[in-house]
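Undergrad: return atomic coordinates for the entry below.
(chains A and B)
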Amino acid sequence: MNFDFSDEQKQLRDSARRFLEKQSSVAVVRRVLEGDEGYDRELWQGLAEMGFTGAAIPEEFGGAGLGYLELCVIAEELGRAVAPVPFSSTVYLAAEFLLAAGNDAQKKNYLPKIAAGEVIGTFAYAETAGEVTAERIKATVSGGKLSGTKIPVADGAIADFAVVAAQGGSGLGLYLVDLTGPGVTRTVVDTIDPSRKHARIVFDGAPVEQLGSGDAQAVIEAVYDRAAVLTAFEQVGGSDRALEMARDYALERIAFGRQIGSFQAIKHILADMYVSATLARSNCYWGAYALSTGSAELPEAAASCRVSATKAFQHCSTNNIQVHGGMGFTWQFDCHLYYKRSNLLALNLGSLSVWENRLIARMRARNSARDAA
Amino acid sequence: MNFDDTPEEAKFRAEVREWISANAPHDLDEDLKKSGLAGLRLPGRDIMAESKAWQKKKADAGWAVPHWPKEYGGRGATPIERVIWQQEEGLYNQLAQPFAIGQGMCGPTVMAYASEDLKRKYLPKLASGEEIWCQLFSEPAGGSDVAALRTRAEKADGSDEWVINGQKIWTSGAQYSDYGILLTRTDPNVPKHAGLTMFIVDMKAPGVEVRPIHQMNGGRGFNEVFFENVRIHDSHRLGAVNDGWNVALTTLMNERMSIGSRLATGFPEIFGFVADFQLPDGPAIDNAAVRAKLADWAVKSSGLRYTAFRAISSLSKGERPGPENSIGKLVAGVMTQDIAKYAMELEAEAGVLTSQEDAPAAALFQNMVLNSPGMRIAGGTDEILRNIIAERVLGLPGDVRVDKNVPFNQAPGR
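TA: Numbering: from 1, shown residues only, chains lettered A, B, ... in the order given. Next comes the predicted model:
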């Protein structure tokens, strides 16, 4: 059994970590968090030059053609560095929608630019509070023009194009929209994690191009499963970093004449953080295996790593603050960067309860298929 | 990243599978399948006789303890081959339970510290199941703090014998054991870890008295063992006098090598239960609150499964399992208890029933509720496991010890 990343993939991890420690330092994250720029351009360009934005894009479309295991490795490092870049919107979503549903021309138009870091893409889906369902989507395409409002759209204000879910002639469809073109008004909205900006986008007769003609809901579900695995790796990277921060502080902080890490009350918090981060990592490896092999287990594995990693990152980022005490509640300490990111990632692809529900439905389907066989 | 065997591993697995399929006691299949979490149940049969018969059969073919050296009853299998054996033995592994502590913990300690004569005398019979061993560490005054034990071993004047007096507790299988490894205090005038010595003790020797403990779940698997002037020849000492703590660590480290068998969590059981169980508005599995609980346990269960696969992968590369594997029992213990309580909660008033005939799901969850507190204590309490993770994995400092560097007989509480 070799249920682990290869030596080459571990080398990739090391070089990604070295790169991000320099290019996505806390100072860089804070500059985006506190500024209006929307993302760090230099970091984004650097990620493209490293071949990361095109890691899983086939070479015929300008990608590095590395593969999904490599993309998982990169995702973990981005999560660890709470990188302030539109990587998930562009790479896990926009590029995956193009690969899943795009025609050759659409792929040729966008994918090489994504790989080169020349364009930013996103997926515009939610419109109102609550789980997104086809019925709740009011945005409509008629005569090749899109009208409606999407909020929140990750990286909506900086993206060059969006994949938009909207009602078309025959129900829910997916459409490519040039966000720099006519009929598009976008405003940055305040969110829980300002190091990853979101926008409200009002479409008023924006020209669109259809993306695929099949069952849009099925495409969304398939792409979300893939994005869930990659996001879970970001969450695991964030969990590990939050655990390290708490551990380091527990070793350094003296109270009642001893290191606070010598108190069992603190030790046990840290041990529980380790347990949740470890279980999430192991589930993520399963997700990575399923994603990279195109296994039929992917829907179940994706939901498992999503649920496990969401819980782990929230658990670790919350308790990181607790271990830091009052200092953890300050703007000056970095704990809040992870706390905010954990709360953002917990909701970005649909909330925990939605994924829990999906997981049980999928396990049940697998069991009945097995019983029938 | 894959779950595939290497060519050598695949060859070994095929050999194991073929042998098991040709030799396993298939007449027990149905009962073994039904056992699991509720404990081994073989209606109308003698469990010990069935266990010994299977162990003997394995021993005759060299499969008794595959990873032991040939001369002591094994076949020199590698650590990964040991895992493959455990995976393939599967269902029948339940029959190896009476031998688990002896082969898993006592055997390796004897192998590391006993004379060649004693190894050849004891190990092959321990391997074949002919003789059963137990581990005598815990005492009423030393559970989590095992080094606080008080059982005395004193050298008899003018002889090569030691005289043992004291009491052990929580000894699994003592009532049917032939031998045990016994940790004693040989010098009370030095700090607690520095005055311990390990011995092999004959459980049938005069002065050894075993009293089963009546557990809260009605079972009697654990025992108290009393020693009154029990004599042990110095040749049966394991390790140097007063070096028993290091010997005990060898024993405890070996516990970690056993990662191939699956930890029971109760998850498959609750999943099966809620799929059929009807709430007033339909099957329990369709209820949102039930699904949220199930999902939490599902990802813990898969998390443990894939954590074990990662450990097996390390083993396959020749690395040794470390303290990080403490998470298995920590997660599984609480989870079993929570699952059992939740199933009873769904059963509502009928959840109080405990007979197999009356209780839903043949009283599986009621048995789990009564058994699970023990799982969270035996073999390291939840709290000790958290300390191990915090100190050995995360590198946090040890707790302040007020008995550190204090002679045992002057430490607080003596």
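
Undergrad: please make it C-alpha for all contacts and neighbour counts, starting now.
TA: Will do.

Undergrad: quick check: mean pLDDT of the top helix by length along chain B?
TA: If you go by DSSP state H, chain B has its longest helix at helix B:288-316. The predicted model assigns helix B:288-316 a mean pLDDT of 93.

Undergrad: residues touching B:His236, list them.
TA: Listed by C-alpha atoms under 8 Å, 6 or more residues apart in numbering or on different chains, the contact set of B:His236 reads B:114, B:118, B:199-201.

Undergrad: what residues does the stretch 1-150 of chain B have near chain A?
TA: Contact residues (C-alpha under 8 Å from any C-alpha of the partner chain) of the stretch 1-150 of chain B with chain A: B:1-6.

Undergrad: take the residues you listed and lay them out in CSV including pLDDT and neighbour count.
TA: Formatted as CSV, the residues of the stretch 1-150 of chain B next to chain A follow (pLDDT from 0 to 100; neighbours: other C-alpha atoms under 10 Å in any protein chain shown):
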residue, pLDDT, neighbour count
B:Met1, 89, 18
B:Asn2, 87, 15
B:Phe3, 85, 13
B:Asp4, 85, 11
B:Asp5, 88, 16
B:Thr6, 90, 12
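
Undergrad: reformat the residues you listed as TSV; add secondary structure.
TA: What follows is the residues of the stretch 1-150 of chain B next to chain A, written out as TSV (DSSP: H, G, I helix; E, B strand; the rest coil):
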residue	secondary structure
B:Met1	coil
B:Asn2	strand
B:Phe3	coil
B:Asp4	coil
B:Asp5	coil
B:Thr6	coil
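
Undergrad: any idea which of the contacts of B:His236 is closest to chain A?
TA: Proximity of the contacts of B:His236 to chain A (C-alpha to the nearest C-alpha) peaks at B:Phe199, which lies at 33.6 Å.

Undergrad: neighbours around the closest one, how many?
TA: 27 (other C-alpha atoms under 10 Å in any protein chain shown).

Undergrad: could you find the closest non-adjacent residue to it?
TA: B:Arg237 (4.3 Å; C-alpha to C-alpha, 6 or more residues apart in numbering or on different chains).

Undergrad: what distance separates stretch A:200-219 from the centre of its chain?
TA: Stretch A:200-219 sits 21 Å away from the centroid of its parent chain (C-alpha atoms, centre = their mean, to the nearest Å).

Undergrad: now it: buried residues?
TA: A:200-212, A:216-217, A:219 (16 or more other C-alpha atoms under 10 Å in any protein chain shown).

Undergrad: where do the helices sit along the chain?
TA: If you meant another chain, say so; for now it's chain A. A:7-23, A:26-34, A:41-49, A:68-80, A:87, A:95-101, A:104-115, A:216-252, A:264-293, A:298-324, A:335-348, A:352-372.

Undergrad: meant chain B actually
TA: B:7-23, B:29-34, B:47-60, B:79-89, B:100-101, B:107-113, B:116-128, B:244-255, B:267-276, B:288-316, B:327-347, B:364-375, B:382-388.

Undergrad: and the longest one, what does it pack against?
TA: Counting contacts by 3 or more C-alpha pairs under 8 Å, 6 or more residues apart in numbering or on different chains; DSSP states H and E, helix B:288-316 is packed against helix A:264-293, helix A:298-324, helix A:352-372, helix B:79-89, helix B:267-276, helix B:327-347.

Undergrad: reformat the residues of the stretch 1-150 of chain B next to chain A as JSON lines; add distance to B:Ala156.
TA: Shown next, in JSON lines, are those (distance: C-alpha to C-alpha, whole Å):
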{"residue": "B:Met1", "distance to B:Ala156": "60"}
{"residue": "B:Asn2", "distance to B:Ala156": "60"}
{"residue": "B:Phe3", "distance to B:Ala156": "57"}
{"residue": "B:Asp4", "distance to B:Ala156": "58"}
{"residue": "B:Asp5", "distance to B:Ala156": "55"}
{"residue": "B:Thr6", "distance to B:Ala156": "56"}
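
Undergrad: show me what residue of the stretch 151-300 of chain A gets nearest to chain B.
TA: Closest point on the stretch 151-300 of chain A to chain B, by C-alpha to the nearest C-alpha, is A:Leu279, at 4.4 Å.

Undergrad: wait, that residue sits on B:Arg305?
TA: No: using C-alpha atoms under 8 Å, A:Leu279 is not in contact with B:Arg305, being 9.1 Å away.

Undergrad: so the two - more neighbours on which side?
TA: A:Leu279 (27 against 18).

Undergrad: pLDDT score for the more buried one?
TA: 97.

Undergrad: what's near enough to touch it?
TA: By C-alpha under 8 Å, 6+ apart, the neighbours of A:Leu279 are A:308, B:299-300, B:303-304, B:307.

Undergrad: hmm, try it at 7 Å
TA: A:Leu279 sits next to B:300, B:303-304, B:307 when contact means C-alpha atoms under 7 Å, 6 or more residues apart in numbering or on different chains.

Undergrad: before we move on, what about A:Glu252?
TA: A:Glu252 touches A:Gln259, counting by C-alpha under 7 Å, 6+ apart.

Undergrad: right, and the helices of chain B - which one's nearest B:Ser355?
TA: helix B:364-375 (9.0 Å; C-alpha to C-alpha).

Undergrad: contacts for that closest one next, please.
TA: By C-alpha under 7 Å, 6+ apart, helix B:364-375 touches B:38, B:217, B:333, B:336-337, B:340-341, B:343-344, B:354.

Undergrad: just the buried residues of that helix, please?
TA: Buried-residue list, helix B:364-375, by 16+ other C-alpha under 10 Å: B:364-373, B:375.

Undergrad: nearest to A:Gly294, of the helices of chain B?
TA: The nearest among those, by C-alpha to C-alpha, is helix B:288-316 at 18.4 Å.

Undergrad: in the closest one, what's buried?
TA: With the criterion 16+ other C-alpha under 10 Å, helix B:288-316 contains buried residues B:290-292, B:294-316.

Undergrad: and the residue of chain B found nearest chain A, what does it touch?
TA: Closest to chain A within chain B is B:Gly303: 4.4 Å, counting by C-alpha to the nearest C-alpha. Going by C-alpha under 7 Å, 6+ apart, B:Gly303 touches A:279-280, A:282-283.

Undergrad: in space, what's closest to it - neighbours in sequence excluded?
TA: Using C-alpha to C-alpha, 6+ apart, the nearest residue to B:Gly303 is A:Leu279, at 4.4 Å.

Undergrad: and that neighbour, how far is that from B:Asn93?
TA: Counting by C-alpha to C-alpha, to the nearest Å, the gap from A:Leu279 to B:Asn93 is 26 Å.

Undergrad: now swap in A:Lys10 and tell me
TA: 37 Å.

Undergrad: what about these two, which has more around it?
TA: B:Asn93 (18 against 14).

Undergrad: ok, now how distant is that one from B:Leu304?
TA: Counting by C-alpha to C-alpha, the gap from B:Asn93 to B:Leu304 is 20 Å.

Undergrad: what of A:Ser170?
TA: 45 Å.

Undergrad: count the neighbours of the nearest residue to B:Ala240 once chain neighbours are set aside for me.
TA: In this structure, B:Ala240 finds its nearest non-sequential neighbour in B:Thr197, 7.2 Å apart by C-alpha to C-alpha, 6+ apart. When neighbours are defined as other C-alpha under 10 Å, B:Thr197 has 26 of them.
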